[in-house]
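**Student:** starting from these lines, generate the structure:
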Amino acid sequence: MSPDALGLPADGSRRVPGLRREEVAALAGVTADYLRRVEQGSVIPSDITLDALADGLRLNRVEREHLQALADQARGRQPLPRANHAMRPGLLRTLQALAPTPAVVLGRLCEVVAWNRTGAALDPVVAALPAPQRNVARRVVLDPSARSLYPQWDALAQEVADVLRFNAARFPDDADLAALVEELLGGSPEFGRFWGRRDVFAKTSGRKVIDHPEVGRLELAYESFDVTAAPGQALIVYTADPDGPTAERLERLAALPCRREGPAGSRPIRRRP
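**Tutor:** Next up is the predicted model:
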């Protein structure tokens, strides 16, 4: 964070960009010595102090959740329960009821838990994989052909890294998640660069552009909804401007021969397909 963003003088004596420890301490209402001990791990700040640090650094909601999750780990608090990979019938019916609107349920590893017909058609490569291998993170990061499907690949790969970092703090005992991150780090220097930024991201809403091989460019908006009965899972629904060209292309996409849909099956494998 730059000093001028907080109204602090940006004098020429700063050796590195960002804030000095004394400035962060003043923003949070603690002493610089206390903040130094926090940095060294010799003291775990209270929730009140964490809130003050978050306020001072202008953290957003997701960044605050991430900070709290890291503090909970340090305190030895019980992490969130492991994922239940069973697909609830009611959620599956919801997916089918949304058709032909594309919809997919992703898990904490960015694995496809379930989708409807049009959701499966968005990425033919993932749809063609056996159910346990359908993982969006692997597809985006490790498959070179993903760059032709996703013209905004850099932003999408950064989002994948940020989502996985956010989930890794929420589910620190998930060995599959840790193994996936190690696999992506070992298979992609670019992912390592994105991971090293230490940003966090939680899907809420946004836009995605797809250069689909059969119907052309799709400019989609999405809304994401947490599946409260299965921590780490999210239902993502894609829509298009009804007056734009993507709406007509989605209709053609929905009319394509049926892709594999419904529950994705067992837990994802750890190796690259």
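
**Student:** name the element the closest residue to Leu218 other than its chain neighbours belongs to?
**Tutor:** Excluding the flanking residues, the one nearest Leu218 by C-beta to C-beta, 6 or more residues apart in numbering is Ile210, at 4.4 Å. From N, CA and C alone the C-beta is placed, and that goes for glycine too. Counting by DSSP states H and E, the element that carries Ile210 is strand 205-212.

**Student:** from Asp4, how far off is Arg108?
**Tutor:** Going from Arg108 to Asp4 by C-beta to C-beta, to the nearest Å gives 38 Å.

**Student:** more neighbours, those two?
**Tutor:** Legend: neighbour count by other C-beta atoms under 10 Å for Arg108 and Asp4, higher for Arg108 (25 against 9).

**Student:** quick check, the more buried one in a helix?
**Tutor:** No - counting by DSSP: H, G, I helix; E, B strand; the rest coil, Arg108 falls outside a helix, being coil.

**Student:** check contacts around it.
**Tutor:** Going by C-beta atoms under 8 Å, 6 or more residues apart in numbering, Arg108 touches 83, 167, 170-171, 174, 177, 231-233.

**Student:** wait, which of those residues is closest to Arg217?
**Tutor:** Distance to Arg217, by C-beta to C-beta, is smallest for Gln233 among the contacts of Arg108, at 29.0 Å.

**Student:** OK, contacts around that closest one?
**Tutor:** Neighbours of Gln233 in contact, by C-beta under 8 Å, 6+ apart: 83, 105-108, 113, 226-227.

**Student:** select from those the one having the most neighbours.
**Tutor:** The most crowded member of the contacts of Gln233, judged by other C-beta under 10 Å, is Val113 (29 neighbours).

**Student:** wait, the residue nearest to Leu218 touches Pro124, no?
**Tutor:** No - using C-beta atoms under 8 Å, Ile210 is not in contact with Pro124; the gap is 10.8 Å.
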